[in-house]
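Peer 1: sequence and predicted structure below; questions after.
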Amino acid sequence: MTYPLLFPRGECSWNTGMEHVEERRTAKRTRVTQLQYYAYRLSQRNGFSILHNSGSPRHMQQNYQDAMAMVRKFGKPDLFLTFTCNPSWSEILNSMEGVQRPEDRPDIIVRVFNMKLKELLEDICKHGIFGTVLAYIYVIEFQKRGLPHAHILLTLDSESKIRTKDDIDKFVSAELPDPCTDLRLFQIVTKCMVHGPCGTININSPCMRDGQCCKSFPKQFKDDTEENVNGYPIYRRRATEPVQVGKYSIDNRWVVPYNPWLLKKFNAHINVEVCASVKSVKYLYKYVYKGHDAASVKIQKEGALDHDEILSFVEGRYVSAPEAMWRLNEFNLSHKSHTVVRLAVHLSQQQPIVYQDGQEAQAIERAALRKTTLTSWFELNKNDPSAHNISYSDIPQYYVFDKSTTNWTSLCTCRY
């Protein structure tokens with residue numbers, strides 16, 4: 001079922017007591033009719049622009065380029081985390097009323113997950129459970145069933161880099177813990193960190209593609225971790241006796257890599273992967289900035305015999321209730337640890353200009369009076385000898401671009 005989302009920001013709708021403004025009020029009509037109200041709401045406003053729409057492919061591409069700029073500055077990421085909301089968290093269950101279930105309260109789900117995400121980032125970046133973090137980015141996505149999850153990429157400093165198999169084993173485990181020594185961790189791993197199972201055990205698993213698991217499970221047993229095999233580490237998965245999880249028999253081949261400390265604290269699916277090579281850098285960032293899910297909707301007139309099969313399908317964006325609540329609460333859908341300044345690159349007198357139909361001449365006149373970041377940088381080099389040894393890509397580290405004057409100003413002289 002599809003339906004329009006009416007008044008998503010909670011604004012007031014029409015009511016019988018809504019008064020006309022003074023200049024529209026007459027002796028016979030002092031109140032706004034329902035017809036007049038909706039005619040007003042349906043009118044197109046000139047000030048509305050779709051250019052600043054977040055979540056579009058162009059917006060995701062810009063974020064990807066920002067992330068690659070951070071890679072050029074700080075190096076490749078060292079860890080890739082996926083943190084998924086657990087609807088069984090006590091904070092969520094304790095907020096349910098009567099016969100409510102977590103899926104009935106997307107507002108509670110997103111608020112709790114946002115708080116947990118902030119706490120996770122604080123443990124990683126401030127408390128340094130993996131070492132000193134130089135830079136990070138995260139992107140929020142939503143499963144088809146609605147639960148939010150965060151993809152996090154971390155870049156560590158040189159002293160905290162994960163270089164050896166001992167470093168990998170220190171932070172990442174891909175084995176079932178011993179229930180005799182740590183029963184709680186064993187329960188969390190078997191509940192949250194077991195893939196599938198799939199393959200011949202369960203051919204109907206969602207991960208199956210042409211008879212094979214798209215995640216390459218089950219993995220092979222391995223007595224020792226290998227640091228770099230085609231850009232990815234192979235984690236230690238020793239052959240042990242299988243355990244019964246539900247109706248399936250599970251061993252270490254089915255365990256998704258995790259960090260024991262994080263798992264015990266947050267009681268959720270937290271996949272921790274080591275980025276072993278620069279080969280996977282672009283793939284990782286393109287993966288996290290791949291954009292939102294879409295759904296194909298088929299439109300067909302009832303009883304129609306002649307129709308265009310291609311035009312009868314519309315690809316629409318899939319927005320679940322938790323994603324709608326996430327946006328209404330104005331939570332970040334993506335975040336970077338550092339500000340990235342997007343610098344203009346263009347030929348002489350060929351800078352891009354945005355204009356409305358019929359206002360081309362005015363737009364050209366305004367553009368002629370305003371300098372871009374590039375032309376302003378040329379002026380800076382003419383007037384400021386201290387900028388001669390600074391490349392264009394590094395200039396935002398020492399100067400700030402004042403949009404009101406379209407000039408680069410030294411950070412030492414800026415007033416905040």
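Peer 2: Received it, and whenever you're ready, just let me know what you need. Residues are numbered from 1 along each chain as shown.

Peer 1: which helix or strand contains the residue nearest the centre of the chain?
Peer 2: With distances taken as C-alpha atoms, centre = their mean, Val139 lies nearest the centre of the chain, 1.9 Å away. Counting by DSSP states H and E, the element that carries Val139 is strand 133-142.

Peer 1: can you map out the strands along the stretch 201-350 of the chain?
Peer 2: 208-209, 212-213, 226-229, 232-234, 243-245, 248-250, 270-274, 294-298, 313-317, 334-336 (DSSP state E, counting those that start in this stretch).

Peer 1: to Trp14, which of these lies closest?
Peer 2: With C-beta to C-beta as the measure, strand 313-317 is the member of these nearest Trp14 (28.3 Å). (Glycine included, C-beta is placed from N, CA and C.)

Peer 1: tell me the helices and strands packed up against the strand holding Val139.
Peer 2: If contacts are counted by 3 or more C-beta pairs under 8 Å, 6 or more residues apart in numbering; DSSP states H and E, strand 133-142 sits against helix 57-74, helix 106-125, strand 148-156, helix 281-288, helix 321-328, strand 334-336.

Peer 1: repeat that with 6 Å
Peer 2: On a contact count with 3 or more C-beta pairs under 6 Å, 6 or more residues apart in numbering; DSSP states H and E, strand 133-142 meets helix 57-74, strand 148-156, strand 334-336.

Peer 1: okay, those, which one's buried deepest?
Peer 2: Across the helices and strands packed on strand 133-142, the average number of neighbours (mean count of other C-beta atoms under 10 Å) peaks for strand 148-156, which reaches a mean of 22.

Peer 1: so how far is that strand off the chain centroid?
Peer 2: Centre-to-centre, strand 148-156 and its host chain are 9 Å apart (C-alpha atoms, centre = their mean, to the nearest Å).

Peer 1: got the contact list for it?
Peer 2: The contact list for strand 148-156 (C-beta atoms under 6 Å, 6 or more residues apart in numbering) reads 74, 77-85, 113, 117, 131, 133-142, 288, 322.

Peer 1: below-threshold pLDDT in the stretch 1-150 of the chain: ranges please.
Peer 2: For the stretch 1-150 of the chain, the stretches with pLDDT under 70 are 1-11, 47-53.

Peer 1: hmm, try it at 80
Peer 2: By pLDDT under 80, the weakly predicted segments of the stretch 1-150 of the chain are 1-13, 23-24, 41-56, 144-145.

Peer 1: kindly report the same for the stretch 301-416 of the chain.
Peer 2: 301-318, 356, 412-416.

Peer 1: same thing but at 50, please
Peer 2: Within the stretch 301-416 of the chain, the segments meeting pLDDT under 50 span 415-416.

Peer 1: neighbours around the residue nearest to Arg327 when sequence neighbours are not counted, how many?
Peer 2: The shortest distance from Arg327 to any non-neighbouring residue, by C-beta to C-beta, 6 or more residues apart in numbering, is to Leu333 (7.6 Å). Leu333 has 18 neighbours, counted by other C-beta atoms under 10 Å.
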